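[1] pasted the sequence and its predicted model underneath.
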Amino acid sequence: MMEKTDVYRTVAETSPEILHKDKKSKFYAAVHPITSEEEVKPIVEELKKKYHTANHVCYAWQLGVENPSYRANDDGEPNNSAGMPIYGQIQAYDLTNVLITVTRIFGGTKLGVGGLIQAYRTAAQMALDGAKIVEKIVETRFRIQFGYAEMDKVMRIVKQKNLSIVSQKMDMDCELILSVRMGESDGTFRLFDEMHPVEIAIID
């Protein structure tokens, strides 16, 4: 039986940038796939260079599946008027491992907090509507080490379970790196762990 938590929704690639206009202010929005918080700053810095007349580069991101972490950044806009409305769209589309950026060029007319919330939310939604959303599987990697004599036993299980081999070294001392979906990882670990003298370890 598959666990729901080993499937998540994200974007396949950076979305086309969209432009939303509101009272002469311009909001440029895009969705970016990310796998770590460290990827956020370079993307934001690049946008600040690209739009050097921009007043604000606001964003929100979410990472992880079981216990996701997130951040919403208003970049000088009134508190919770930009980052949180953007983050709300990440939640509405049930996505993770994504960053949404919205770059604002002020048009001379103040929008007010309510207007800003609506504008940032709309820009984020428009970017998401143009993004390629995909489902991905959370996988666990195992390192399996065994002697040449155990090769047949090991490969039989690999074949029976249709396990994905990332890399292999077949010599007198053999090693396999396997990628297994998280929902099946416990059972797979037990199978090899009970097979002496085969050694199995989880790779971070």
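    Alright, I've got the coordinates. Residues are numbered from 1 along each chain as shown.
[2] could you tell me how far the closest residue in space to S185 that isn't next to it in sequence is located from G114?
    Once its chain neighbours are removed from consideration, S185 has its nearest residue in T140; the separation is 4.1 Å (C-beta to C-beta, 6 or more residues apart in numbering). Placement of C-beta: from N, CA and C, glycine included. Here the distance between T140 and G114 works out to 46 Å (C-beta to C-beta, to the nearest Å).
[3] also Q89?
    According to C-beta to C-beta, Q89 and G114 sit 17 Å apart.
[4] quick one, phi/psi of the residue nearest to the spatial centre of the chain?
    If you average the C-alpha coordinates of the chain and look for the closest C-alpha using C-alpha atoms, centre = their mean, you land on N97, 1.8 Å from that point. In terms of degrees, to the nearest 10, the main-chain angles of N97 are phi 60, psi 40.
[5] report pLDDT for it.
    Confidence at N97, expressed as pLDDT, is 95.
[6] so between T140 and G114, which is more surrounded?
    Each of T140 and G114 has its neighbours counted (other C-beta atoms under 10 Å); T140 has more, 19 against 9.
[7] partner strands of the helix or strand hosting the more buried one, with direction?
    With the criterion set as DSSP states H and E, the secondary-structure element containing T140 is strand 139-147. Paired with strand 139-147 in the same sheet, following DSSP bridges, are strand 173-181 (antiparallel), strand 199-203 (antiparallel).
[8] now it: how far from the chain's centre is it?
    Here the centre of strand 139-147 is set off from its chain's centre by 25 Å, with C-alpha atoms, centre = their mean, to the nearest Å.
[9] and stretch 84-100, by the same measure?
    Distance, centroid of stretch 84-100 to centroid of chain: 11 Å (C-alpha atoms, centre = their mean).
[10] how is the chain divided into domains?
    Per the record, the chain has its domains at 4-136, 139-203, by automatic domain parsing.
[11] of the ones you listed, which shows the lowest average pLDDT?
    Mean pLDDT across these is lowest at domain 139-203; the value there is a mean of 89.
[12] for G147, list each beta-bridge partner.
    Using DSSP bridges, the bridge partners assigned to G147 are D173.
[13] what's around it, how many residues?
    Close neighbours of G147, defined as other C-beta under 10 Å, add up to 13.
[14] give the contact list for it.
    Contacts of G147 were listed using C-beta atoms under 8 Å, 6 or more residues apart in numbering, and they are 172-174, 197.
[15] L99 and I43 touch, don't they?
    Yes. Taking contact to mean C-beta atoms under 8 Å, the distance of 6.4 Å between L99 and I43 places them in contact.
[16] quick check: neighbours shared by those two?
    Shared contacts of L99 and I43 (C-beta under 8 Å, 6+ apart): 32, 34.
[17] please say which of these two ends up with more neighbours.
    Under the neighbour definition other C-beta under 10 Å, L99 and I43 were set side by side, and L99 has more, 24 against 17.
[18] what about that one, distance to V11?
    The span separating L99 from V11 equals 9 Å under the rule C-beta to C-beta.
[19] overlap of the contact sets of these two?
    31-33.
[20] residue ranges for the strands of the chain, please.
    For the chain, the strands identified by DSSP state E occupy 7-11, 18-22, 25-33, 56-63, 69-73, 98-105, 133-137, 139-147, 164-169, 173-181, 199-203, in order along the chain.
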